[in-house]
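Q: show me the folded form of this:
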Amino acid sequence: MRRKAFTLVEVMVALAVFAIVIVGVTTTVIFVTRMEKRSEYFSHFETICLDIDKYSDEYGRDWDLHYYGEKNDEATIYYSSSYDIVPTQEESKFTLTYNYNGSNQLVINVVENGKSKKIIEDLNYGGRRYAP
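A: Coordinates of the predicted model:
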């Protein structure tokens, strides 16, 4: 006896397998896209933090006066999606904060605004460079 068509059960099983594959592929694509974006954010702020490190080595605790144009022991700096400094949080996509802890160590944090996702958390430059 020759079969001429698929049964309803075979079609339903094929559709279920197809749906599972599509969900898996879609989830993977979304995950990879998000990780790529996070990696891009980290890369840009890693460069900014390397600049801060260089300025900190050269100017000590006055690094922020030379880098940001003002001297503060702690500050909040807002960055746009193009990694430019903007004056207000409403215009920003990222927030970089820095301060000195009790051991005189420079600590930097970077978060993505609105999502509270930490891009850089408690990056500690140490205090040895600020010793008198």
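Q: wait, what's in contact with the residue lying closest to Y68 once chain neighbours are set aside?
A: Closest residue to Y68 apart from its sequence neighbours, by C-beta to C-beta, 6 or more residues apart in numbering: I77 at 6.5 Å. C-beta here means a position set from N, CA and C on the backbone, and glycine is covered the same way. Contacts for I77 (C-beta atoms under 8 Å, 6 or more residues apart in numbering) come out as Y68, I85, T95, L96, T97, Y98.
Q: could you dump the helix or strand hosting I77 to CSV, C-alpha only?
A: Per DSSP states H and E: I77 is located in strand 75-79. Extracted C-alpha coordinates of strand 75-79, given in CSV (Å, rounded to 0.1, in the frame of the first residue of the first chain):
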residue,chain,number,x,y,z
ALA,A,75,31.6,63.0,40.9
THR,A,76,29.0,61.7,38.6
ILE,A,77,29.7,62.1,34.9
TYR,A,78,27.0,61.5,32.3
TYR,A,79,27.7,60.0,28.8
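Q: from the chain's centroid, how far away is that strand?
A: 15 Å (C-alpha atoms, centre = their mean, to the nearest Å).
Q: gap between K54 and I20?
A: 51 Å (C-beta to C-beta, to the nearest Å).
Q: same thing with G60?
A: With distances taken as C-beta to C-beta, G60 is found 59 Å from I20.
Q: ok, L50 next?
A: Distance, L50 to I20, by C-beta to C-beta: 45 Å.
Q: quick check: neighbours of the strand holding I77 in the sheet, parallel or antiparallel?
A: Its sheet considered, strand 75-79 pairs with strand 85-86 (antiparallel), strand 94-100 (antiparallel) by DSSP bridges.
Q: done for today, thanks.
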